[in-house]
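**Student:** Dropping a prediction and its sequence here:
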Amino acid sequence: MPKQKSIYKSQEGKEKILALYDSQLEQLGTPYIDKWVSTSFGNTHLIETGNADGVPLLIFHGGMRQRHITC
């Protein structure tokens with residue numbers, strides 16, 4: 001099986017980015033659920049937060065790969 005490519009240039013860089021990501025989530029100041037969902041494109045990471053009784057809202061991050069979805 002071929003080695004899976006990584007977006008990170010080093011293990012140290014990966015650890016720094018993931019620590020920053022976690023610290024930003026903590027700054028939400030509200031409980032959240034960290035989820036992974038299997039899709040036809042592979043596993044997708046989701047953060048679920050907010051009023052569980054409210055109207056659902058799905059927000060895509062600003063990466064260029066979502067451009068076709070948001071335009």
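**Tutor:** That came through fine. Numbering: from 1, shown residues only.
**Student:** switch to C-alpha atoms for all contacts and neighbour counts from now on
**Tutor:** Will do.
**Student:** Surely Asn43 and Trp36 touch.
**Tutor:** Yes. The criterion here is Cα atoms under 8 Å, and Asn43 meets it with Trp36 at 6.2 Å.
**Student:** ok, Gly50 - how many residues close by?
**Tutor:** 13 (other Cα atoms under 10 Å).
**Student:** By average pLDDT, which secondary structure element in this protein comes out worst?
**Tutor:** Within the chain, no helix or strand scores below helix 67-70, which has a mean of 53 by mean pLDDT, DSSP states H and E.
**Student:** part of a strand, is Gln24?
**Tutor:** No. Counting by DSSP: H, G, I helix; E, B strand; the rest coil, Gln24 falls outside a strand, being helix.
**Student:** In terms of pLDDT, where does it sit?
**Tutor:** Listed pLDDT for Gln24 reads 90.
**Student:** Tell me the spacing between it and Gly42.
**Tutor:** From Gln24 across to Gly42, the span is 25 Å (Cα to Cα, to the nearest Å).
**Student:** where does this protein dip in pLDDT?
**Tutor:** Low-confidence segments of the chain, defined by pLDDT under 70, are located at 1-2, 62-71.
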